[in-house]
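Student: output the structure for:
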Amino acid sequence: MKIGIDARLYGTKYRGLGRYIKKLVDGVTRLNDNNQYVIFLTRENYDEFKTDNKRIKKVLMNARWYSLKEQIIVSWIIKREKVDLMHFPHFNVPLNYNKKYIVTIHDLIIDHFPTSRATNLPKWQYNLKLKGYQKIIRHAIAKADKIIVPTKFGKIDLISMYQVPENKIKVIYEGYFLDTTHEESDIKRFNIAKPYLLYVGAAYPHKNLEMLVKAFENVNKEDKYQLVLVGNIDKFYERVKKKINSSDILFTGYVSESELKGLYQKALIYIFPSLYEGFGLPPLEAQAHGLPVISSNESCLPEVLEDSVIYFDPRNEIDIIKKINLILNDQNLRGELVIKGRENIKRFSWEKMISETEEIYEYVLGTDILHLF
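Tutor: So this is what the prediction gives:
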């Protein structure tokens, strides 16, 4: 059978989604099966994906995601390759694509936070984009042969928001990042001079960094700690910068994977204040690097992190302050959380994700008709 994968967002430059697609593509194309794979890439990542497997074909599909061009030419390019099954690892399935496909829906953030604060676009243009999103995701859900979600929470959310039949959805947990290939980089360039709390990720409104900044400034009245925020400096990070009143809050901008490894390994604690996540990869990464974690108790996070973290109400500044102080002042508790974190991450692996995804391919193609869901 011939299976296509839309890998236009392949690569870690596209954050969590890009890492998921990279792990998916790298993994399934190394499987010892009888399938052929067609990997659709853009000019930006065409050379990044390398393979000498004769069952793998790379195809240039130079259409930007969420664009009009995507709606016009993507279906034509896929149909030209005559795939038996297409996997769209994101909801942006072209409206004119009507062949057999699987779609991964990582979250419904736009449904829960439909605010123009979460975009760089003018308000009128964002409202137009929002209407387009609603049409595209409804089509992706309605026409898919199977939908993959990364958590049970995501499954419940999808059923609640879009009335999707339960048996159409398959929960497949993702893995986590643990750098074992690079030596730990020197992090002196970040000017970290005190024990520090760490956050890694974007600064979109639902990430709740403005609340984190307020809570940290209250905790740090004696200037004993620093808060290090790791993420590309964009409009959203600039907005957070305007809210700070402390020189102990540092913004790293882009960091290499080896620098990220160093930042994880030298931090005192990791803090995750998000209001909504589809999976919640960063706290798992922190646990993999031996960090104690305190986290929001919202959305999928209690499912993914279970009892391995200290939880707080992300909308309650007093509760955040209380939990930060609790973990800062109790070295034994931090040690217990490190042990629990290392145990927790054993439930997640990219290899398991790849294997379960292949089972979906076989099921939808009818080559594993006895597989039970």
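Student: number of nearby residues for Lys242?
Tutor: Other residues near Lys242 number 7, with proximity taken as other C-beta atoms under 10 Å. C-beta: built from backbone N, CA, C; applies to glycine.
Student: same question, the one 5 residues further on
Tutor: The local packing of Ser247 (other C-beta under 10 Å) involves 9 other residues.
Student: confirm that it sits in a strand.
Tutor: No - secondary structure of Ser247 (DSSP: H, G, I helix; E, B strand; the rest coil): coil, not part of a strand.
Student: quick one: contacts for it?
Tutor: By C-beta atoms under 8 Å, 6 or more residues apart in numbering, the contact list for Ser247 is empty.
Student: any idea how far Thr12 is from Gly132?
Tutor: 27 Å (C-beta to C-beta, to the nearest Å).
Student: before we move on, what about Ile269?
Tutor: Distance from Ile269 to Thr12, by C-beta to C-beta: 24 Å.
Student: of those two, who's got more company?
Tutor: Ile269 (20 against 14).
Student: the helices in the stretch 101-250 of the chain, which residues?
Tutor: Assigned by DSSP state H, counting those that start in this stretch, the stretch 101-250 of the chain shows helices spanning 109-112, 123-143, 152-162, 209-219, 235-241.
Student: alpha carbons of the last one, as PDB, please.
Tutor: As requested, C-alpha coordinates have been extracted for helix 235-241 and formatted as PDB (Å, rounded to 0.1, in the frame of the first residue of the first chain):
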ATOM      1  CA  LYS A 235       4.800  39.800  19.300                       C
ATOM      2  CA  PHE A 236       3.500  37.700  22.200                       C
ATOM      3  CA  TYR A 237       6.800  37.600  24.100                       C
ATOM      4  CA  GLU A 238       7.100  41.400  23.500                       C
ATOM      5  CA  ARG A 239       3.700  41.800  25.100                       C
ATOM      6  CA  VAL A 240       4.800  39.800  28.200                       C
ATOM      7  CA  LYS A 241       8.000  41.900  28.400                       C
END
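Student: what packs against that helix?
Tutor: For helix 235-241, the helices and strands in contact under the criterion 3 or more C-beta pairs under 8 Å, 6 or more residues apart in numbering; DSSP states H and E are helix 209-219.
Student: contacts for the helix it packs on next, please.
Tutor: 197, 199, 203, 225, 227, 229, 239-240, 243-246, 249, 271, 273, 314-315, 317, 320-321, 324-325, 328.
Student: can you pull out the low-pLDDT segments for the stretch 51-200 of the chain?
Tutor: 115-122, 124, 179-185 (pLDDT under 70).
Student: do you have the strands of it handy? List them.
Tutor: In the stretch 51-200 of the chain, the strands defined using DSSP state E, counting those that start in this stretch lie at 56-60, 85-88, 101-104, 146-149, 169-171, 196-200.
Student: by contact count, what packs against the second one?
Tutor: Helices and strands touching strand 85-88, by 3+ C-beta pairs under 8 Å, 6+ apart, are strand 2-6, strand 101-104, helix 350-365.
Student: can I get these in JSON lines with mean neighbour count and distance to Asn332?
Tutor: JSON lines is the format used below for the helices and strands packed on strand 85-88 (neighbours: other C-beta atoms under 10 Å; distance: least, C-beta to C-beta, whole Å):
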{"stretch": "strand 2-6", "mean neighbour count": "23", "distance to Asn332": "47"}
{"stretch": "strand 101-104", "mean neighbour count": "24", "distance to Asn332": "40"}
{"stretch": "helix 350-365", "mean neighbour count": "18", "distance to Asn332": "33"}
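Student: of these, which is nearest Asn32?
Tutor: helix 350-365 (10.6 Å; C-beta to C-beta).
Student: mean confidence score for the closest one?
Tutor: Averaged across helix 350-365, pLDDT comes to 95.
Student: quick one: contacts of it?
Tutor: By C-beta under 8 Å, 6+ apart, helix 350-365 touches 1, 3, 23-24, 27-28, 31, 33, 35, 84-85, 87, 100, 102, 145-146, 148, 170, 172-175, 368-369, 371, 373.
Student: could you tell me which of these count as buried?
Tutor: 1, 3, 23-24, 27-28, 31, 35, 84-85, 87, 102, 145-146, 148, 170, 172-175 (16 or more other C-beta atoms under 10 Å).
Student: can you give me the end-to-end distance of stretch 100-108?
Tutor: Counting by C-alpha to C-alpha, to the nearest Å, you get 23 Å between the two ends of stretch 100-108.
Student: what of stretch 286-297?
Tutor: 17 Å.
Student: begin at 36, not 1, for the rest of this chat.
Tutor: With 36 as the first residue, the last one maps to stretch 321-332.
Student: that older thread, which of the helices of the stretch 136-285 of the chain sits most buried?
Tutor: Of all those, helix 244-254 has the most neighbours on average by mean count of other C-beta atoms under 10 Å, namely a mean of 20.
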